[in-house]
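Chemist: model the following, please.
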Amino acid sequence: MEKKKLGLVPKLIIGIISGIVLGSFVSESIMGIFVTFSSFVSAYISFIIPLMIVAFVTAGIGELKSGAGKLLGLTLSLAYSFTLISGTFSYTVSRLIFPTFINEAATAAIMNGNTETVAPLFTIPLEPLLDVTSALVFAFMMGLGISALRGNEKTSKIGDMMGDFFNGFQYIIQMALEKTIIPLLPYYIAATFSLMSYTGEVWRVLSIFWRVYLIIFAMHFLILIFQFGVAGAVTKTNPFPYLKNQIPGWLTAAGTQSSATTIPINVKVAEKNGVSKSIREFVVPLGATIHLSGSMVSLVAFSTAILMMNNMEIGFTIIAPFIMILGISMVAAPGAPGGAVMSALPFLPLIGIASNGPLASLMIALYLTQDSFGTACNVSGDNAIALIIDKIKGRFGIAEEEESEVFVEQPIVAQNEA
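Modeler: Numbers count the residues shown, from 1 in each chain. Alright, predicted model coming up:
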């Protein structure tokens with residue numbers, strides 16, 4: 001009988017606990033080894049992030065067939081709007097509630113992201129091949145070009161050839177993530193928490209973030225109520241049956257931590273909601289790639305909390321550019337394990353957080369331990385988008401298709417692959 005492998009989240013939890021325990025009694029020389037390991041992993045992550053942006057964003061945009069025309073543009077616009085609204089909502093709630101427990105007393109002696117109490121024994125000069133901005137611009141240029149080539153009969157073969165190249169590149173980067181970065185993360189997180197424990201900061205940090213988790217979970221459900229409320233208003237129907245129908249999709253995403261795995265279940269949910277075949281088979285798979293409201297809620301809340309803990313600037317003019325560019329850079333991020341938080345790392349300097357510092361590693365640990373719930377919120381919102389587009393498609397000249405029966409009473413079985 002094959003042994004069941006331990007999942008990433010349990011490994012991260014074990015890493016956090018191990019780091020806390022080790023950091024409480026190891027010597028400074030041993031801690032220097034941990035910090036050296038952490039600095040190497042940080043450099044490696046910084047090296048691979050621009051490559052990940054080129055691979056995933058190019059392949060993701062390149063798969064968006066230009067022939068879909070208005071339907072594609074409508075879906076992209078609605079998904080991006082929902083993602084921006086989610087980020088703004090998360091920031092607003094965080095600004096209102098977090099100060100009730102993140103104050104001067106709570107943040108006294110909290111770690112400062114610009115200093116380290118223990119220096120690494122040595123460093124390895126590993127510089128990224130591209131800076132993040134160049135990678136993002138190049139990815140959009142190539143992705144849009146591939147999509148355009150595929151949409152033209154004369155150049156479709158060239159487009160397919162270029163698309164295959166970047167799909168292969170995406171596969172290589174995904175293997176690098178799955179075989180190197182993901183296995184290293186528990187040890188990286190352990191090293192980070194051992195330093196926090198060594199300096200006496202860990203309990204103050206944890207005493208704050210368990211409350212942040214609860215608020216994030218509540219925001220996930222409020223965002224879903226809002227999105228399906230909009231869908232109900234557009235379709236002039238009661239949104240709560242749609243929320244009830246979504247339960248199997250939500251459970252599948254939470255259990256598998258995968259947007260892609262949830263697509264078949266989500267398509268069945270859309271069918272039960274009465275979404276036409278052509279819309280549900282286009283919007284739901286596309287939404288799994290481009291719509292990340294749950295991830296945005298989590299990332300913005302964690303970022304705001306970390307900024308508050310370090311008495312850094314948290315004005316909306318600081319956060320807004322981060323939200324806007326993150327909504328774009330996370331395109332195709334679900335294809336990679338922890339893709340959303342990895343996509344966020346290169347843009348943390350926009351809000352004053354070093355992308356390869358201890359605060360970034362704290363962000364990775366906090367995000368990945370709740371990633372399954374963010375994924376569940378992402379994919380659930382896809383069906384709200386499908387309902388809206390199915391209702392308004394006629395206004396944009398999109399051909400009507402045969403409609404499936406509304407609320408067909410048949411069970412939808414969610415296969416949990418976790």
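Chemist: output the lowest mean pLDDT helix or strand found in this protein.
Modeler: Ranked by mean pLDDT, DSSP states H and E, the weakest helix or strand in the chain is helix 104-107, scoring a mean of 54.
Chemist: for residue 11, helix, strand, or coil?
Modeler: What DSSP: H, G, I helix; E, B strand; the rest coil gives for residue 11 is helix.
Chemist: so it is in contact with residue 184, correct?
Modeler: No. Checked against CB atoms under 8 Å, the pair residue 11 and residue 184 is beyond contact range at 10.8 Å. C-beta: built from backbone N, CA, C; applies to glycine.
Chemist: could you pull out the helices for the stretch 51-200 of the chain?
Modeler: Ranges of helices in the stretch 51-200 of the chain, per DSSP state H, counting those that start in this stretch, are 70-97, 104-107, 132-150, 156-176, 182-198.
Chemist: ok, which of the ones you listed comes nearest residue 247?
Modeler: With CB to CB as the measure, helix 70-97 is the member of the helices of the stretch 51-200 of the chain nearest residue 247 (20.0 Å).
Chemist: the closest one: which residues count as buried?
Modeler: Residues of helix 70-97 classed as buried by neighbour count (16 or more other CB atoms under 10 Å): 71-72, 74-76, 78-80, 82-91, 93-94, 97.
Chemist: quick one: mean pLDDT for that helix?
Modeler: For helix 70-97, the mean pLDDT works out to 89.
Chemist: and that helix, what does it pack against?
Modeler: Contact analysis of helix 70-97 by 3 or more CB pairs under 8 Å, 6 or more residues apart in numbering; DSSP states H and E lists helix 202-235, helix 277-290, helix 293-309, helix 316-329, helix 371-392 as its packing neighbours.
Chemist: tell me the contacts of the closest residue to residue 205 other than its chain neighbours?
Modeler: Nearest non-adjacent residue to residue 205, counting by CB to CB, 6 or more residues apart in numbering: residue 196, 6.3 Å away. Residue 196 sits next to 19, 20, 23, 111, 202, 205, 358, 362 when contact means CB atoms under 8 Å, 6 or more residues apart in numbering.
Chemist: go with 10 Å
Modeler: By CB atoms under 10 Å, 6 or more residues apart in numbering, the contact set of residue 196 is 16, 19-20, 23, 110-111, 202-206, 358, 361-362.
Chemist: make a markdown table from the residues you listed and add distance to residue 311 and neighbour count to it.
Modeler: Converted to a markdown table, the contacts of residue 196 look like this (distance: CB to CB, whole Å; neighbours: other CB atoms under 10 Å):
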| residue | distance to residue 311 | neighbour count |
| --- | --- | --- |
| 16 | 25 | 23 |
| 19 | 25 | 26 |
| 20 | 24 | 18 |
| 23 | 24 | 24 |
| 110 | 9 | 18 |
| 111 | 12 | 25 |
| 202 | 19 | 21 |
| 203 | 19 | 11 |
| 204 | 14 | 18 |
| 205 | 14 | 20 |
| 206 | 19 | 13 |
| 358 | 16 | 24 |
| 361 | 20 | 23 |
| 362 | 16 | 23 |
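Chemist: JSON lines for those, including pLDDT and distance to residue 126?
Modeler: Shown next, in JSON lines, are the contacts of residue 196 (pLDDT from 0 to 100; distance: CB to CB, whole Å):
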{"residue": "16", "pLDDT": "82", "distance to residue 126": "26"}
{"residue": "19", "pLDDT": "85", "distance to residue 126": "24"}
{"residue": "20", "pLDDT": "84", "distance to residue 126": "29"}
{"residue": "23", "pLDDT": "83", "distance to residue 126": "26"}
{"residue": "110", "pLDDT": "47", "distance to residue 126": "29"}
{"residue": "111", "pLDDT": "44", "distance to residue 126": "24"}
{"residue": "202", "pLDDT": "71", "distance to residue 126": "28"}
{"residue": "203", "pLDDT": "72", "distance to residue 126": "33"}
{"residue": "204", "pLDDT": "72", "distance to residue 126": "32"}
{"residue": "205", "pLDDT": "73", "distance to residue 126": "28"}
{"residue": "206", "pLDDT": "75", "distance to residue 126": "31"}
{"residue": "358", "pLDDT": "74", "distance to residue 126": "18"}
{"residue": "361", "pLDDT": "77", "distance to residue 126": "16"}
{"residue": "362", "pLDDT": "80", "distance to residue 126": "22"}
